[in-house]
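*Asks:* below is the structure, and that's it, no one-letter string:
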């Protein structure tokens, strides 16, 4: 599916079975470096007054047929103290925080392809392409991770810099990685992903290539909105006060435009 396919039905509000439904497409990758782009470089302001950008200095950005491609070969960025700063190497955030209708649902859809260079065979966490739905008010994160030879979902509540996590639920901060073993994955192979959060039910559902692959029914907090993110990442624990996540490996990620649909 190209960017043009998404754009054909970019925005069409209607009513169905008593629900108000609105769907639109967030793309415009050709504007990625302009002030009117819907995307911006990701990162965090830190307590000491400095900031941390998720930006590989030698990344190659290509926009073609409506898709965004980002290549960082090799990866070079790392942080020696804060794990969430070390994990993401190059990332774009949506400037918009997509609001969840009160008591309703929000669905995000995208296609993602990953090519890895020099990563450890069979180890998705040594380098992957991420699609993230993040709530910087509560710390919640719902993600798909795409590697050259593996795919995983993430269901978590994370200690992002500046975020106060509540004491609701069985654990304050956590991240559950679920490797999808029966979904074929290959270098450069695109996959269609869909994540639906239902505020009324307090649930989140993950779909890959038209099939439900994961679901959680105890989202402890009422999430009112999400920031979407597109990233090149690793997930390697800091060791001995030093980042060890970069060893010459590289990543190439491709992203289609993203569709956002609300029902409520």
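*Replies:* Received the coordinates, thanks. Keep in mind that what you see is a predicted model, and the values were worked out from it rather than measured.

*Asks:* what packs against the strand ranked longest in the chain?
*Replies:* Assignment by DSSP state E gives strand 105-117 as the longest strand of the chain. Here strand 105-117 touches strand 98-99, strand 128-134, strand 140-146, strand 191-198, strand 225-233, strand 250-255, strand 258-263, going by 3 or more CB pairs under 8 Å, 6 or more residues apart in numbering; DSSP states H and E. C-beta here means a position set from N, CA and C on the backbone, and glycine is covered the same way.

*Asks:* possible to save those strands as CSV with distance to residue 178?
*Replies:* Output for the helices and strands packed on strand 105-117, formatted as CSV (distance: least, CB to CB, whole Å):
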stretch, distance to residue 178
strand 98-99, 24
strand 128-134, 14
strand 140-146, 10
strand 191-198, 13
strand 225-233, 16
strand 250-255, 20
strand 258-263, 22
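
*Asks:* in TSV: those, plus distance to residue 40 and mean pLDDT.
*Replies:* Listed next are the helices and strands packed on strand 105-117 as TSV, based on distance: least, CB to CB, whole Å; pLDDT from 0 to 100:
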stretch	distance to residue 40	mean pLDDT
strand 98-99	15	98
strand 128-134	13	98
strand 140-146	18	98
strand 191-198	21	98
strand 225-233	10	98
strand 250-255	15	98
strand 258-263	15	98
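
*Asks:* pLDDT averaged over the longest strand of the chain - what is it?
*Replies:* Confidence for strand 105-117, expressed as mean pLDDT, is 98.

*Asks:* angle of it against strand 258-263?
*Replies:* With axes from the mean of the first three to the mean of the last three CA atoms, to 10 degrees applied, the angle from strand 105-117 to strand 258-263 works out at 160 degrees.

*Asks:* specify the angle between strand 105-117 and strand 250-255 in degrees.
*Replies:* Using the same axes, to 10 degrees, the inter-axis angle of strand 105-117 relative to strand 250-255 is 150 degrees.

*Asks:* what pairs with strand 105-117, and is each one parallel or antiparallel?
*Replies:* Sheet pairing of strand 105-117 (DSSP bridges) gives strand 191-198 (antiparallel), strand 250-255 (antiparallel), strand 258-263 (antiparallel).

*Asks:* who's in contact with the residue nearest to residue 193 when sequence neighbours are not counted?
*Replies:* Counting by CB to CB, 6 or more residues apart in numbering, residue 193 lies nearest to residue 144, which is 4.7 Å off, once chain neighbours are set aside. Applying CB atoms under 8 Å, 6 or more residues apart in numbering to residue 144 gives the contacts 112, 130-131, 151-154, 191, 193, 195, 206, 208.

*Asks:* reformat these as JSON lines; add neighbour count and distance to residue 256.
*Replies:* Shown next, in JSON lines, are these (neighbours: other CB atoms under 10 Å; distance: CB to CB, whole Å):
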{"residue": "112", "neighbour count": "25", "distance to residue 256": "8"}
{"residue": "130", "neighbour count": "24", "distance to residue 256": "15"}
{"residue": "131", "neighbour count": "23", "distance to residue 256": "10"}
{"residue": "151", "neighbour count": "26", "distance to residue 256": "16"}
{"residue": "152", "neighbour count": "23", "distance to residue 256": "20"}
{"residue": "153", "neighbour count": "22", "distance to residue 256": "19"}
{"residue": "154", "neighbour count": "20", "distance to residue 256": "20"}
{"residue": "191", "neighbour count": "19", "distance to residue 256": "10"}
{"residue": "193", "neighbour count": "23", "distance to residue 256": "10"}
{"residue": "195", "neighbour count": "24", "distance to residue 256": "15"}
{"residue": "206", "neighbour count": "22", "distance to residue 256": "17"}
{"residue": "208", "neighbour count": "21", "distance to residue 256": "14"}
